[in-house]
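1. Give me a 3D structure for the following:
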Amino acid sequence: MPDYNIIIFDLDGTLTDPTQEMLSSAKYALEQFHIRKVDPEKLKLFLEVPLLMCFEEHFGLTHDQANQAFLHYWYYAGSFGVGQNVPYDGVEELLQALRQNGKAMGIATARKTPNAEQILRATKLTDFFTHIMGASEDESRRTKKMILFDVLCEFPEHDNEDVVMVGDRVVDIIGARDNGVDSIGVTFGQEPAEDIIKAEPTYVANSVEEMAALLLNHT
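-> Next up is the predicted model:
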């Protein structure tokens, strides 16, 4: 496996477990459109499907309504959900080891940047990352392809071969491929493992321990 110098992590489902925060935020956003009685099992779609797509395709919101719901979701997440998002066991130790090995690390997340920064501060992970990039307030930077591109522009000049994207969603794998960089798909996050494997990431990690082994070249 290549010895990557720049490691870009997704946040939710990769470094932290956002399950309770996501469900609470989605419920709040739907309530703003008078959708109050939601089957708990259907609500769990927000753990698997990208946010805007879930609002439109599974809850019947128009494109404009979905964008408004997106803002309601992140308002609730930023105001009330921060404490509900916690790191997976072993993540802090992994980040410490990567820093000791001289790796440059960044965050590329579908969260809005200020909210991602809130989560990282609350979990005491901020100092591990050189750059943190999330979705923009408008629609100019919403896809993982755009978010990853923008965060990589913040790093000093580098070759694509020096970079790997680590994430738990198909959009992370596709975003990495569209930017010409390798990927590690983790199967312990929010998206079904079979979907991650089908997306054909460069590598697959089934646990934080496997992710660490790959990134620290202990395989």
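
2. alpha carbons only for contacts and neighbour counts from here, please
-> Noted.

3. Show me where this structure has its strands.
-> Here the chain has its strands, by DSSP state E, at 6-9, 16-17, 86-87, 104-112, 131-135, 163-167, 182-186, 203-205.

4. what domains does the record give for this protein?
-> 6-17+88-215, 19-83 (automatic domain parsing).

5. remind me, longest helix of the protein?
-> Secondary structure assigned by DSSP state H gives helix 63-80 as the longest helix of the chain.

6. Mind putting the strands of the chain into CSV with mean neighbour count and distance to L71?
-> Listed next are the strands of the chain as CSV, based on neighbours: other C-alpha atoms under 10 Å; distance: least, C-alpha to C-alpha, whole Å:
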stretch, mean neighbour count, distance to L71
strand 6-9, 22, 23
strand 16-17, 20, 21
strand 86-87, 20, 22
strand 104-112, 24, 9
strand 131-135, 23, 11
strand 163-167, 27, 23
strand 182-186, 26, 27
strand 203-205, 19, 32
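
7. Tell me which of these sits nearest to S25.
-> Relative to S25, the nearest member of the strands of the chain by C-alpha to C-alpha is strand 104-112, separated by 12.2 Å.

8. Quickly run through the sheet partners of that closest one, with directions.
-> Partners of strand 104-112 in the sheet, by DSSP bridges, are strand 6-9 (parallel), strand 131-135 (parallel).

9. Quick check: end-to-end length of stretch 199-217?
-> 23 Å (C-alpha to C-alpha, to the nearest Å).

10. what distance separates it from the centre of its chain?
-> The chain centre lies 16 Å from the centre of stretch 199-217; the measure is C-alpha atoms, centre = their mean, to the nearest Å.

11. So for H131, what's the nearest residue that isn't a sequence neighbour?
-> Leaving aside its chain neighbours, H131 sits nearest to G106 (4.8 Å; criterion: C-alpha to C-alpha, 6 or more residues apart in numbering).

12. Check M146 too.
-> Nearest non-adjacent residue to M146, counting by C-alpha to C-alpha, 6+ apart: G175, 7.8 Å away.

13. Equivalent analysis for L51, please.
-> Once flanking residues are discounted, L51 sits nearest to F70: 7.2 Å by C-alpha to C-alpha, 6+ apart.

14. Hmm, that neighbour is touching M53, no?
-> No - look at F70 against M53 with C-alpha atoms under 8 Å: they stay out of range, at 10.3 Å.

15. So for these two, which residue has more residues nearby?
-> Applying other C-alpha atoms under 10 Å to F70 and M53 shows that F70 carries more neighbours, namely 20 against 14.

16. Contacts only, for that one.
-> A29, L51, L52 (C-alpha atoms under 8 Å, 6 or more residues apart in numbering).

17. Can you give me the distance of the second one to M22?
-> By that I understand L51. Counting by C-alpha to C-alpha, the gap from L51 to M22 is 10 Å.

18. Low-confidence ranges, the protein, go.
-> Within the chain, the stretches with pLDDT under 70 are 138-140, 142, 219.

19. Could you pull out the helices in it for me?
-> Secondary structure of the chain (DSSP H): helices at 19-31, 40-43, 51-59, 63-80, 91-100, 113-122, 144-153, 170-178, 193-198, 208-215.

20. Alright, I will stop here.
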